[in-house]
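> Provided below are the primary sequence and the corresponding predicted coordinates.
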Amino acid sequence: MNWNTLLFGVFPYIALTLAVAVTVYRMVYRPFSVSAQSSQLLEQKRLFFGSIAMHWGLVLVLLGHLLALLIPKGLLLWNAVPLRLYLLEITGLGLGLWALVGTYVLLARRVSVARVRAASTSMDYVVLVVIFVSVLSGVLTALFYRYGSYWFPAVMTPYLWSILTLQPRPELIADLPFWTQLHVFNFWVFLAVFPFSRLVHIITVPLGYVVRPWQIVIWVRKLAR
């Protein structure tokens, strides 16, 4: 077994197993640990600008990746017109840079603001570093190995589907450039650490609130004499 098989053929299943098993465990046996634990009260200005940029940038970029995974032929059809290809590439790069700046702001905020630093855990730093590396490697891939929306359906889509269908084809990643390989591997790293972080709250739905009994709130006031 070579490194390529280990990193892109075996490790993805370790990451997926951790992502599912640990998330289910926390939701069932440690539900009160599933919380965003906002630090907004500790510092608000940089949190606002960093959070907006990182979250919206990442969401839109991930949506593009998802479309390439689900409808690769539709993406290739869109790219058949050069102007549309250029527009998609420029938009994707812009969103990636936006997310990169936002992630850097949030990471710098946790390091430089004393109150936020005191309330942070080691996993908070790990998650932000992993996200930063992921976005940085994605931006560098977009800059140095252009037209990713064109070759993604031909290389990455078959690879991802091979992992999901339990027929891994790590050889598809073997000849990709370093930054692209780092981007792919870092995605699996993110999945592995995700369930151990506070980010796990984004996939929880508080369905219990729908069926739980009404809570009666009684105001206790001191009567004036």
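Right, received. Where do you want to start?

> how about the strands in the chain?
Remark: strands of the chain are absent; assignment by DSSP state E.

> which parts of it are helices?
With DSSP state H as the criterion, the chain has helices at 3-5, 11-29, 45-70, 72-78, 82-112, 114-118, 122-144, 148-164, 171-174, 178-193, 208-211.

> spatially nearest residue to residue 161, not counting backbone neighbours?
The spatial neighbour of residue 161 that comes closest, neighbours along the chain excluded (CB to CB, 6 or more residues apart in numbering), is residue 69 at 7.5 Å. Bear in mind the C-beta positions are built from the backbone N, C-alpha and C, glycine included.

> what's the one you found in contact with, if anything?
Taking CB atoms under 8 Å, 6 or more residues apart in numbering as the criterion, residue 69 is in contact with 156, 157, 160, 161.

> ok, of these, which come out buried?
Among these, those buried by neighbour count (16 or more other CB atoms under 10 Å) are 156, 157, 160.

> contacts only, for residue 195.
18, 19, 21, 22, 23, 26.

> pLDDT at it, what is it?
In the predicted model, residue 195 carries a pLDDT score of 88.

> how near is it to residue 123?
In this structure, residue 195 and residue 123 are 11 Å apart, going by CB to CB, to the nearest Å.

> can you check residue 138 too?
When distances are taken as CB to CB, residue 138 and residue 123 turn out to be 22 Å apart.

> so for those two, which residue has more residues nearby?
Neighbours around residue 138 and residue 123, counted as other CB atoms under 10 Å, are more numerous at residue 138. The numbers are 26 against 13.

> count the neighbours of the residue lying closest to residue 74 once chain neighbours are set aside for me.
Distances taken as CB to CB, 6+ apart place residue 67 nearest to residue 74, at 7.4 Å, with adjacent residues excluded. Residue 67: 15 surrounding residues under other CB under 10 Å.

> I figured residue 67 hits residue 73, correct?
No: counting by CB atoms under 8 Å, no contact exists between residue 67 and residue 73, whose distance comes to 11.2 Å.

> from the contacts of residue 69, which two are the most distant?
Within the contacts of residue 69, 156 and 161 form the most distant pair, 9.5 Å apart (CB to CB).
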